[in-house]
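Asker: give me the fold of what follows.
(chains A, B and C)
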Amino acid sequence: MAPLASHAYDLLLAGALLWLAWQATHAADLFRSVISFIVFGLLMALAWIRLDAPDIALAEAAIGAGVTGALLLSALGRLTSAPAEKPAATRRWPGTIAVLALAATVLALLGAAAWQLPAPGLGDAVAGHMPRAGVDNPVTGVLLNFRAFDTLLEIGVLLLAVVAIWSLGPTPEPLVPAIPSPALPALGRMLWPMFVLATFYLLWRGTHAPGGAFQAGAVLGAGGILVILAGARPWLTGEDNGPWRWLLSLGVVTMLLAALSTTLIGQRFFEYPESAAAGVILVLEITAAISIAMLLFAAYLNGQPPARWRGYPHS
Amino acid sequence: MMSTDVHIVIVVILLLNIVVGLVRILRGPESADRMLAAEMFATSAVAIILILAVTTSSPALMDVALVFALLSALAVVTFVSRAWSALNPPQPPKHDGEEDGP
Amino acid sequence: MTLTEWLGTALVIAGVPFLLSGTLGLLRFPDVYTRLHALAKGDNVGLGLICVGLGIQSGSVTVALKLLLIWVLMLIASATGAGLIARTALARGLKPWGL
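Answerer: Sure, this is the predicted structure:
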């Protein structure tokens, strides 16, 4: 890269990211915060690309800029149905100073931790173990084999979030726009096959290139959100949301099963036998992707889905 | 190669395009204006990613652009159907004129 | 540099002014409807020219097809989004500028 132009690019990107982070946390208008956050995710993906991390850029594009933006917008829609309270305009200096001190401490600790990181990173250690990972993509190898425990906890966090959302009550009524548009059902019909195709594509890519369960799951979840806005209704029904519960917990359940069965056959927790690693990872990828898609979709519904969708108006 | 240098300059110009457009997010005044700005940034970002993907011939970047393109409809559809109706209920007709200053 | 590379670069360069004018319109036009109009130029022509130029440059049919797919997806999103926003803005009582 031409040095001058690349410096200009980096400076613009970093400056815009800092400004957007400030806007997202401090804008007086909540909608402005949400939009700033969405654009922040967009530029963050550009930053990850610049840092040569296409895996994270892909996750940021799918989860950060796509699904999280939709979740925040829909949460905002519920929030502002109550009259907005104006925050007090007075500035309290002791509080500001305490926050600044805390931020400086955290920054110093993070800096110290970053300083002590092993100099070339863990890339060599991962590369050394890749032959027995069962996949060709080092990131997938780390996420679903070497550090599968972390992934289990991540999906667990998502599951806990959905449990908390369900405890808030049933899904609120208007699922379609107040002003219906004929373009919306057409959009859903046109894009839904593309979403499914992209999901399988990303899952398949994940074995040898950037892609994988989280990205694929996020894309599928986003597709679900789009078709429900376009007027479709989930076919998952039944008393007590039985099928929902199974699909939402599928990822955590299969990961736990994989981990426990390795201990039963005499290996360590999450240490797959080398010959079976590829198959185990494939199963975990697929189940985790389905679960993540359902978890993000359930989060978007803003509450426990009803046993029957009949009362919920179609567009 | 000369064409790569040209592409880098284009990428910087497109990023500058996004940064200048941030003013619309600051000003509004309608929430739809801010949403439109975000849409505009998505287009510019996809263009940047595609140029980088082709000039560095990295197929992974192409997938990032693909995911962006696929999900770009999601934000605006959610905005129209969920957020906009609740943010500020419909008002009697008025002019949406440009308002400078606070 | 070969002829195809020149052509590709020229098309990419030709796409940039459309994206820039999209931002110009976003900043200078007076209301939502006119800004929608400005935005569509960037999505349709600007990104389109860039995709065609890059497709010619890449010299690979699969890459060109993927670029085409990405452009079509952005077109679908931008067209639907513009329709939805305009329709909702009108229903909410935002009067177009100059009326």
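
Asker: for chain B, just list every one of the strands.
Answerer: B:94-95 (DSSP state E).

Asker: mind showing which ranges of it have poor pLDDT?
Answerer: Residue ranges of chain B with pLDDT under 70: B:1-3, B:85-102.

Asker: can you show me the helices along it?
Answerer: B:2-27, B:31-55, B:59-78, B:84-87 (DSSP state H).

Asker: ranges for the helices of chain C?
Answerer: In chain C, helices defined by DSSP H lie at C:3-28, C:32-41, C:47-58, C:61-91, listed in chain order.

Asker: out of those helices, nearest to residue A:55?
Answerer: For residue A:55, the closest of the helices of chain C is helix C:61-91, at 18.8 Å, according to C-beta to C-beta. Just so you know, the C-beta spots here come from the backbone N, C-alpha and C atoms, and that holds for glycine as well.

Asker: quick one, that closest one and helix B:31-55 angle?
Answerer: Interaxial angle of helix C:61-91 relative to helix B:31-55 (axes from the mean of the first three to the mean of the last three C-alpha atoms, to 10 degrees): 170 degrees.

Asker: helix C:61-91 - what's its average pLDDT?
Answerer: For helix C:61-91, mean pLDDT is 88.

Asker: so what does it touch, helix or strand wise?
Answerer: helix A:183-205, helix B:31-55, helix B:59-78, helix C:32-41, helix C:47-58 (3 or more C-beta pairs under 8 Å, 6 or more residues apart in numbering or on different chains; DSSP states H and E).

Asker: wait, doesn't residue A:143 sit right on residue A:153?
Answerer: No - using C-beta atoms under 8 Å, residue A:143 is not in contact with residue A:153, being 11.8 Å away.

Asker: between the two, who's got more neighbours?
Answerer: Remark: of residue A:143 and residue A:153, residue A:143 carries more neighbours, 24 against 12, as counted by other C-beta atoms under 10 Å in any protein chain shown.

Asker: let me know the helix or strand that the nearest residue to the more buried one once chain neighbours are set aside is in.
Answerer: Using C-beta to C-beta, 6 or more residues apart in numbering or on different chains and skipping the chain neighbours, the partner closest in space to residue A:143 is residue A:151 (5.2 Å). Per DSSP states H and E, residue A:151 falls inside helix A:148-166.

Asker: how about the helices and strands packed on helix C:61-91, which one is nearest residue A:74?
Answerer: Per C-beta to C-beta, nearest to residue A:74 of the helices and strands packed on helix C:61-91: helix B:59-78, 5.7 Å.

Asker: quick one, the closest one and helix A:183-205 angle?
Answerer: 150 degrees.

Asker: still on that earlier bit, reformat the helices and strands packed on helix C:61-91 as JSON lines; add distance to residue C:78 and mean neighbour count.
Answerer: JSON lines is the format used below for those (distance: least, C-beta to C-beta, whole Å; neighbours: other C-beta atoms under 10 Å in any protein chain shown):
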{"stretch": "helix A:183-205", "distance to residue C:78": "11", "mean neighbour count": "19"}
{"stretch": "helix B:31-55", "distance to residue C:78": "7", "mean neighbour count": "26"}
{"stretch": "helix B:59-78", "distance to residue C:78": "8", "mean neighbour count": "26"}
{"stretch": "helix C:32-41", "distance to residue C:78": "6", "mean neighbour count": "20"}
{"stretch": "helix C:47-58", "distance to residue C:78": "9", "mean neighbour count": "23"}
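
Asker: which one of these lies nearest to residue A:59?
Answerer: Across the helices and strands packed on helix C:61-91, residue A:59 has its closest neighbour in helix B:59-78 (9.3 Å, C-beta to C-beta).

Asker: how far off centre is the closest one?
Answerer: 12 Å (C-alpha atoms, centre = their mean, to the nearest Å).

Asker: that one and chain A in contact?
Answerer: Yes - judged by C-beta under 8 Å from any C-beta of the partner chain, helix B:59-78 and chain A are in contact via B:59-61, B:63-64, B:66-68, B:70-71, B:73-75, B:77-78.

Asker: find the residue at the geometric middle of chain A.
Answerer: residue A:63 (3.9 Å; C-alpha atoms, centre = their mean).

Asker: now the helices of chain B as CSV including distance to residue A:264?
Answerer: As requested, the helices of chain B are exported to CSV (distance: least, C-beta to C-beta, whole Å):
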stretch, distance to residue A:264
helix B:2-27, 53
helix B:31-55, 45
helix B:59-78, 38
helix B:84-87, 52
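
Asker: give me the most central residue, chain C.
Answerer: Chain C, centroid-nearest residue using C-alpha atoms, centre = their mean: residue C:43 at 1.5 Å.

Asker: what's the answer for chain B, then?
Answerer: Residue closest to the average C-alpha location in chain B (C-alpha atoms, centre = their mean): residue B:41, at 1.9 Å.

Asker: that one and residue B:72, how far apart?
Answerer: 10 Å (C-beta to C-beta, to the nearest Å).

Asker: name the nearest residue to residue A:251, ignoring sequence neighbours.
Answerer: residue A:291 (3.0 Å).

Asker: and what of residue A:141?
Answerer: Nearest non-adjacent residue to residue A:141, counting by C-beta to C-beta, 6+ apart: residue A:133, 3.5 Å away.

Asker: right, and that neighbour touches residue A:145 too?
Answerer: Yes - under the criterion of C-beta under 8 Å, residue A:133 makes contact with residue A:145 at 5.1 Å.

Asker: confirm residue A:24 sits in a helix?
Answerer: Yes - Residue A:24 sits within a helix when classified using DSSP: H, G, I helix; E, B strand; the rest coil.

Asker: how many neighbours does it have?
Answerer: 19.

Asker: wait, what's in contact with it?
Answerer: The neighbourhood of residue A:24, defined by C-beta atoms under 8 Å, 6 or more residues apart in numbering or on different chains, consists of A:33, A:34, A:36, A:37, A:40.

Asker: make it 6 Å
Answerer: A:33, A:36, A:37, A:40 (C-beta atoms under 6 Å, 6 or more residues apart in numbering or on different chains).

Asker: please apply the same query to residue A:47.
Answerer: Shown in contact with residue A:47 (C-beta under 6 Å, 6+ apart): residue A:13.

Asker: what's the helix or strand for it?
Answerer: Here residue A:47 is assigned to helix A:30-50, by DSSP H and E.

Asker: then the helix or strand just after that helix to PDB, C-alphas only?
Answerer: Following helix A:30-50 in sequence order, the next helix or strand is helix A:54-59 (DSSP H and E). The C-alpha trace of helix A:54-59 is given here as PDB (Å, rounded to 0.1, in the frame of the first residue of the first chain):
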ATOM      1  CA  PRO A  54     -11.400 -11.600   7.800                       C
ATOM      2  CA  ASP A  55     -12.900 -14.100  10.200                       C
ATOM      3  CA  ILE A  56     -13.800 -11.300  12.700                       C
ATOM      4  CA  ALA A  57     -14.800  -9.000   9.900                       C
ATOM      5  CA  LEU A  58     -17.300 -11.600   8.800                       C
ATOM      6  CA  ALA A  59     -18.600 -12.000  12.300                       C
END
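
Asker: run the contact check for helix A:54-59 versus chain B.
Answerer: Yes - using C-beta under 6 Å from any C-beta of the partner chain, helix A:54-59 reaches chain B at A:54, A:57, A:58.

Asker: okay, now the first one: neighbour count?
Answerer: Residues contacting residue A:54 under the criterion other C-beta under 10 Å number 24.

Asker: the last one now?
Answerer: Here the neighbour count serves as a burial measure; for residue A:58 (other C-beta under 10 Å) it reads 33.

Asker: my read: it touches residue A:214, true?
Answerer: No - using C-beta atoms under 6 Å, residue A:58 makes no contact with residue A:214, being 8.9 Å away.

Asker: buried residues in stretch A:119-127?
Answerer: residue A:126 (16 or more other C-beta atoms under 10 Å in any protein chain shown).

Asker: which other residues reach it?
Answerer: Under C-beta under 6 Å, 6+ apart, the answer for stretch A:119-127 is residue A:138.

Asker: straight-line length of it, end to end?
Answerer: 16 Å (C-alpha to C-alpha, to the nearest Å).
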